[in-house]
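In: give me coordinates for this.
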Amino acid sequence: MMDQVRIPRPLPRSQFTSTRISSIGLAQLFVGCTLTLIATTLSDRFITRASAQQAQQAEKLKYFAIQVVDDQTGRGVPLVELETIQHLMFISDSQGWIAIDQPDLIGREVYFHVRSHGYELAPDGFGNRGARYRVQPGKETRLKIHRNNRAERLYRTTGSGIYRDSWLLDKPIPTRYPLINSDVVGSDSVLTAIYKDRVYWFWGDTSRSNYPLSGSFHMSGATTSVPSADRFNTPRSNSDEPGQQDFTNQLDFTENGISLDYFQDEQKVLRPLAVMPGEGPTWLTSVAVLPDSQGVQRMVASYVKIRNSLEAYRWGYAQWDDSKNHFVELVSFDERPICFPDTQSHPILYGDTNSNGDTNSNGANSASDAQNGNTNEAFLYFCSPFPFLRVKPTVDDFIRPERYQGYSCLQTHKGSSDPKLASNPKLDRTPDGTLKYAWKNQTEPLSQRDQENWIGSGKLGHDEEVVRIRDRATGKALRVHNGSLAWNEYRQRWLMIFTELGGESSMLGEIWLAESPTLIGPWRDAVKILTHDRYSFYNPKHHSFMDIDGGKTIFFEGTYSHTFSGNTKPTPRYDYNQLMYRLDLSTLESN
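Out: Numbers count the residues shown, from 1 in each chain. Predicted coordinates for the structure are as follows:
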């Protein structure tokens with residue numbers, strides 16, 4: 001920079017000794033040099049910024065852009081596959097954008113087959129579903145696709161390249177981490193808890209990009225703020241100028257994404273959060289926030305240790321260490337307790353009041369609740385998805401399996417053998433033969449599989465079922481795999497979102513919603529809200545803390561994976577990651 005500043009030539013020594021330079025002249029010289037430096041610096045910065053913007057614009061003009069949009073809502077649709085005749089595959093990002101720069105396609109009319117789970121285009125006369133475009137760099141177009149699902153696909157929450165094509169096309173980005181966050185490329189199913197005014201998100205086995213076994217197999221996690229009701233009315237960034245978006249001030253929740261703050265190590269990559277003693281991975285099965293003996297709120301979890309692929313060999317409970325930001329073990333067992341939260345159990349607190357007198361009922365008590373003795377006392381119910389396991393809501397009770405109660409028609413059982421053998425179930429009946437369902441200590445909770453076995457063996461009648469889930473449209477019986485449950489103010493009912501086991505399109509790819517006026521049930525009619533063709537979408541979790549419009553619009557996510565589906569072609573970037581959907585509950589009134 002200095003060589004660009006014009007400085008007056010110094011006087012010859014003979015003249016210098018005989019000539020006096022006034023203080024005013026020196027001041028003028030200093031000011032002139034300073035102004036020259038400032039002008040040169042500002043010019044360089046302007047040129048640098050302009051050059052960056054020109055480069056960004058030139059990069060953008062390399063691509064032919066297609067945005068796939070929902071023909072009902074107009075918003076971008078993620079996970080839409082466009083495949084050319086020569087099998088080049090393009091997949092829309094979480095805002096529906098696709099950036100194309102293949103040189104052999106430029107300037108040509110190109111036909112794209114269009115496919116997406118639960119979305120479709122109308123077929124032409126030959127049965128092809130697709131669209132044809134002239135691929136021209138710098139041009140963009142919109143492709144409207146029809147949604148058959150009741151639920152609307154929103155965005156991916158985990159993995160890499162969530163907004164890859166939006167980034168390439170220099171479109172506004174809705175989150176702070178558009179390409180990759182903490183080196184996470186894959187995440188198994190989610191558990192959540194609200195603790196100390198933050199949402200805590202925990203995932204199972206989590207993959208990194210540098211090696212197949214280099215991720216976290218002892219749970220990974222992140223936090224966000226608790227979403228507000230007006231979160232969609234706030235600007236997404238401080239600058240709309242191309243290439244100048246300020247990602248540091250993005251809201252955690254926007255209409256098109258969530259910014260997760262992962263728990264990281266010194267290298268700024270994810271770290272394990274639940275390393276429990278023993279070999280193999282650690283899986284948390286439930287997470288809850290409960291008061292300890294001093295009334296202090298603590299975040300606690302149940303866990304299981306895994307070895308030899310999927311063999312569970314130790315069970316226990318842990319508590320979050322606020323100073324170290326990870327879970328520490330409280331107690332463990334070498335044999336599975338009779339009552340223990342199943343994998344992906346989502347606790348809900350239900351009852352009239354807690355110890356502070358605050359309402360926690362999430363809905364009115366009913367006659368059946370009174371019969372089951374839970375109208376005047378709060379319990380923590382573990383839903384996976386049926387709420388047939390409970391315990392009193394304190395840390396001391398949570399970590400003592402002998403204090404858990406199962407809802408069942410079995411006789412109370414305190415031994416170590418299995419009382420639910422299909423060949424000889426010990427059902428609890430009155431002298432006149434009436435079956436007794438009740439909450440019982442040290443008794444395994446009811447399951448749908450138990451009911452099926454007991455009916456098959458003639459021990460149970462169809463009219464004695466508590467769980468009788470049927471397709472509302474056809475009457476077809478549905479087998480429930482897993483899911484979650486929450487009270488909904490808009491419907492004034494309990495909502496259960498679950499994956500069907502053995503669905504028509506996929507073993508674990510069809511998602512249903514069932515309702516009940518009471519927590520325990522009976523659970524009867526269900527409506528299909530989502531389908532995936534030969535692909536899994538398991539362990540769906542309804543995030544009731546994200547609901548808007550008085551509960552009319554709900555949000556849920558699940559694990560999108562080719563595992564268990566028979567599909568040998570994983571979807572790049574999307575596979576083994578979490579997808580978020582939303583559902584307008586007013587659509588439940590229509591068939």
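In: which secondary element of this protein has the worst mean pLDDT?
Out: Counting by mean pLDDT, DSSP states H and E, the weakest-scoring helix or strand in the chain turns out to be helix 367-371, with a mean of 36.
In: within the sheet, what are the partner strands of the next helix-or-strand element following it, with directions?
Out: Later in the chain than helix 367-371, the nearest helix or strand by DSSP states H and E is strand 379-383. Sheet pairing for strand 379-383, assigned by DSSP bridges, gives strand 346-350 (antiparallel), strand 389-391 (antiparallel).
In: out of the ones you listed, the one nearest Arg108 is which?
Out: strand 346-350 (50.7 Å; C-beta to C-beta). (Glycine included, C-beta is placed from N, CA and C.)
In: give the contact list for the nearest residue to Met507 once chain neighbours are set aside.
Out: Distances taken as C-beta to C-beta, 6 or more residues apart in numbering put Phe564 closest to Met507, at 5.1 Å, once the chain neighbours are dropped. Shown in contact with Phe564 (C-beta atoms under 8 Å, 6 or more residues apart in numbering): Met507, Leu508, Ser536, Tyr538.
In: try it again with 7 Å
Out: Each residue near Phe564 by C-beta atoms under 7 Å, 6 or more residues apart in numbering is listed here: Met507, Leu508, Ser536.
In: what's the closest of these to Leu389?
Out: Leu508 (22.5 Å).
In: all helices of the protein, in order?
Out: Assigned by DSSP state H, the helices in the chain fall at 13-18, 23-60, 164-168, 367-371, 395-398, 448-456.
In: for those, which has the smallest mean pLDDT value?
Out: Mean pLDDT per stretch puts helix 367-371 lowest among those, at a mean of 36.
In: can I see the domain layout of the protein?
Out: Here the domain parsing of the chain from automatic domain parsing is 2-42, 61-148.
In: quick one: mean pLDDT for the longest one?
Out: When the per-residue pLDDT values of domain 61-148 are averaged, the result is 97.
In: gap between it and the chain center?
Out: Relative to its parent chain, domain 61-148 has a centroid offset of 26 Å by C-alpha atoms, centre = their mean, to the nearest Å.
In: now swap in stretch 572-584 and tell me
Out: Going by C-alpha atoms, centre = their mean, where stretch 572-584 is centred and where its chain is centred differ by 7 Å.
In: ok, now stretch 480-494?
Out: 17 Å.
In: just the CA coordinates for that stretch, please, in PDB.
Out: Provided in PDB are the C-alpha atoms of stretch 480-494 (Å, rounded to 0.1, in the frame of the first residue of the first chain):
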ATOM      1  CA  VAL A 480     -48.000 -50.500  15.400                       C
ATOM      2  CA  HIS A 481     -44.200 -50.400  15.400                       C
ATOM      3  CA  ASN A 482     -43.200 -47.200  17.400                       C
ATOM      4  CA  GLY A 483     -44.100 -43.500  17.700                       C
ATOM      5  CA  SER A 484     -45.100 -40.800  20.100                       C
ATOM      6  CA  LEU A 485     -48.100 -39.400  21.900                       C
ATOM      7  CA  ALA A 486     -49.200 -35.900  22.900                       C
ATOM      8  CA  TRP A 487     -52.300 -34.000  24.000                       C
ATOM      9  CA  ASN A 488     -53.700 -31.600  21.300                       C
ATOM     10  CA  GLU A 489     -55.700 -28.500  22.200                       C
ATOM     11  CA  TYR A 490     -57.200 -28.100  18.700                       C
ATOM     12  CA  ARG A 491     -58.600 -31.600  18.600                       C
ATOM     13  CA  GLN A 492     -59.200 -31.900  22.300                       C
ATOM     14  CA  ARG A 493     -57.800 -35.400  22.100                       C
ATOM     15  CA  TRP A 494     -54.700 -37.400  22.600                       C
END
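In: now that stretch: buried residues?
Out: Using 16 or more other C-beta atoms under 10 Å as the test for burial, stretch 480-494 gives 480-488, 490-491, 493-494.
In: same check on stretch 299-314?
Out: Buried residues in stretch 299-314 (16+ other C-beta under 10 Å): Met299, Val300, Ala301, Ser302, Tyr303, Val304, Lys305, Ile306, Arg314.
In: residues in contact with the fifth one?
Out: Same thing as Tyr303. So Tyr303 contacts Ala274, Met276, Thr282, Trp283, Leu284, Thr285, Gly316, Ala318 (C-beta under 7 Å, 6+ apart).
In: so what pairs up with the fourth one in the strands?
Out: Right, the one you point to is Trp283. Val304.
In: quick one: it from Met546, how far?
Out: 24 Å (C-beta to C-beta, to the nearest Å).
In: so those two - more neighbours on which side?
Out: Comparing Trp283 with Met546 by other C-beta atoms under 10 Å, the one with more neighbours is Trp283, at 23 against 20.
In: my guess is that one meets Val304, correct?
Out: Yes. Judged on C-beta atoms under 7 Å, Trp283 makes contact with Val304 at a distance of 5.3 Å.
In: now do the residue lying closest to Ala378 once chain neighbours are set aside, the pLDDT please.
Out: Spatial nearest neighbour of Ala378, excluding adjacent residues (C-beta to C-beta, 6+ apart): Gly351 at 2.8 Å. Gly351 is assigned a predicted lDDT (pLDDT) of 88.
In: so who does the residue nearest to Ser92 when sequence neighbours are not counted touch?
Out: Using C-beta to C-beta, 6+ apart and skipping the chain neighbours, the partner closest in space to Ser92 is Val80 (4.3 Å). Contacts were defined as C-beta under 7 Å, 6+ apart; by that measure Val80 touches Val68, Ser92, Val114, Ser116, Tyr119, Ile145.
In: show me which of these are buried.
Out: If you count burial by 16+ other C-beta under 10 Å, the buried members of the contacts of Val80 come out as Val68, Ser92, Val114, Ser116, Tyr119, Ile145.
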